[in-house]
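Colleague: no FASTA, just this:
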C-alpha cells in the first residue's frame, strides 16, 4: 500500500466516522526520492485543537508502514471549506446522525461578510428526513456543529455548519 493510501485511512479525531481524506483535510502526500514523506493538511480552521493529533496519527501510521521520515505540514491557504467534504463523507455524516452541510459554492474575492444572525436555511433531519426542525444552539459538541431538534421524530441531532 502506498503512502497516500495509508494517509487516506487516518480518521479525524473529532469526527471519527470520517477519514481526513473524506473530510477534505488531507491535501497532498508526496514521497521524496530519498523515501521521506511530506504530508500536507489544511485544518478546518486555523485554531483547530485536533491538528496536533492529526499530525501524530498521520506520522505514526506512515512510520508503522515503513516510512522512516514523515513530515506533516499545515497550510491555511486556500482556506478549508465544507465543500471539500466528499460525497462519501457526507453520506457517513448522515448515517452517524449528523446533518451534513449544504454546498457553499465558489468564493468571491474581497472582504468576507460577517453575519451574526442565526442560519435561516432549513436543515433536514438525518434520521427521518423531516424538514420540520428547529435550531436549539448555534454551537454543538464542537464549534463547527450546531444543535437541532426534529419535530418529526422528536430526536436531537447535530448539523455540520457550512463554511
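Modeller: Structure received. Given the structure is predicted, the values throughout are model-derived calculations rather than measurements. Numbering: from 1, shown residues only.

Colleague: where exactly do the helices run in the protein?
Modeller: Shown for the chain, the helices assigned by DSSP state H span residues 3-7, 20-23, 51-64, 87-95.

Colleague: most tightly packed of those?
Modeller: helix 20-23 (a mean of 24; mean count of other CB atoms under 10 Å). The C-beta positions use only the backbone N, C-alpha and C, and glycine is treated the same way.

Colleague: which helices and strands does that one pack with?
Modeller: Judged by 3 or more CB pairs under 8 Å, 6 or more residues apart in numbering; DSSP states H and E, the packing partners of helix 20-23 are helix 87-95.

Colleague: contacts only, for the residue of the chain positioned farthest from its centre.
Modeller: Taking CA atoms, centre = their mean, the residue of the chain most remote from its mean C-alpha position is residue 34, at 31.5 Å. Residue 34 sits next to residue 69 when contact means CB atoms under 8 Å, 6 or more residues apart in numbering.

Colleague: take the helices of the chain and lay them out in TSV including distance to residue 13 and mean pLDDT.
Modeller: Formatted as TSV, these follow (distance: least, CB to CB, whole Å; pLDDT from 0 to 100):
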stretch	distance to residue 13	mean pLDDT
helix 3-7	15	98
helix 20-23	9	98
helix 51-64	4	97
helix 87-95	15	96
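
Colleague: quick one, which of those is nearest to residue 102?
Modeller: Closest to residue 102 of those is helix 87-95 (CB to CB; 10.0 Å).

Colleague: contacts made by that closest one with the rest, please.
Modeller: Looking at what lies outside helix 87-95 - CB under 8 Å, 6+ apart - the contacts are 15, 17-19, 22-24, 85, 99-101, 126, 160.

Colleague: contact partners for the residue nearest to residue 2 when sequence neighbours are not counted?
Modeller: Excluding its sequence neighbours, the residue lying closest to residue 2 (CB to CB, 6 or more residues apart in numbering) is residue 31, at 7.7 Å. Neighbouring residues of residue 31 by CB under 8 Å, 6+ apart: 2-3, 37, 67.
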